[in-house]
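Novice: Whatever this is, show me its structure:
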Amino acid sequence: MNVSVDGNRFGPAVVETRGLRKTYFGKIDTPVLHGIDIEIRLGEFVAIMGQSGSGKSTLLNILGALDVPTGGRVLIDGVDIATLSENGLAELRNRVVGFVFQFHYLLDELTCLENVLVPIMVRSGDVSAAERERAIRLLERVGLGKQIDKHPDAMSGGENQRCAIIRALANQPKVVLADEPTGNLDSRSGDAVFKMMRELNRESAVAFIMVTHDERLAQEADRILMIEDGLIHEVNKHEQRQRMLDALNDANP
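Specialist: Prediction:
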């Protein structure tokens, strides 16, 4: 099934898959993805849902060129990743893709601002005054202006995750891949982090692809994609919301 969106609402495709398949080989071969066609455009915010083990994180890793498919094609910013060397893949990831994970993975020995600047240092070996000022403005934009010189262990979980999201935006990527970005936070902090991501998505036109188990947050995305039995399909948000309400009513008669 081809899962795409009306191009009139968003920019050009930044991530596409065609017949994407993934099997993990071992004593017992384990097929995970069975031929997935999706298209994600600039400016979209897409939620990916599915049961544990359905292949959500596997798909996200392939979309970020961190893993390779067994079959099919993956195009990131129009480039078929199968044509790239390891150095080419690293350059593409650094230039086009930002990553946010359930755990912030900030470097403890660096300050909040220094953590944000790491991707720029990796890319060019130095940080310009303009890049530093942009990073500070982004941190101020998400309420971290007073934390720029603090280390991760001196910040809250929500503050660390906000710092990690700004780090993902440091190189002005075209797409941010977020794997359960609120899963390690309490509901209040999680809601605040998601709201911030959504605002940055709308303001900057960066595409966000978020894996989540939280149906409330998924409802706020532009689209919901569901992985089931190694296949993917788009979910009608209104029908999904009604199923969620019905389940709540059944649990609280």
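Novice: A170 versus the nearest residue to G183 once chain neighbours are set aside, what's the distance?
Specialist: Of all residues not flanking G183 in the chain, Q102 sits nearest, at 4.4 Å (CB to CB, 6 or more residues apart in numbering). Where C-beta positions appear, they are placed from N, C-alpha and C, glycine not excepted. Applying CB to CB, to the nearest Å, the value for Q102 to A170 is 20 Å.
Novice: returning to what we had before: and the residue nearest to G183, how many neighbours?
Specialist: 16 (other CB atoms under 10 Å).
Novice: can you confirm V118 is in a helix?
Specialist: Yes - checked against DSSP: H, G, I helix; E, B strand; the rest coil, V118 lies within a helix.
Novice: Looks like it contacts Y105 (just checking).
Specialist: No - V118 is not in contact with Y105 according to CB atoms under 8 Å; the separation is 10.6 Å.
Novice: Can you work out which other helices and strands pack against the longest helix anywhere in the chain?
Specialist: When the chain is scanned for its longest helix (criterion: DSSP state H), the result is helix 187-204. Helices and strands touching helix 187-204, by 3 or more CB pairs under 8 Å, 6 or more residues apart in numbering; DSSP states H and E, are strand 45-49, helix 157-168, strand 175-179, strand 207-211, helix 215-219.
Novice: Quick check: closest non-adjacent residue to the residue nearest the centre of the chain.
Specialist: With distances taken as CA atoms, centre = their mean, the chain has L177 as the residue nearest its mean C-alpha position (1.8 Å). Leaving out its chain neighbours, the residue that sits closest to L177 by CB to CB, 6+ apart is G64, at 4.8 Å.
Novice: Next, count neighbours for V175.
Specialist: Quick note: V175 (other CB under 10 Å) scores 24 neighbours.
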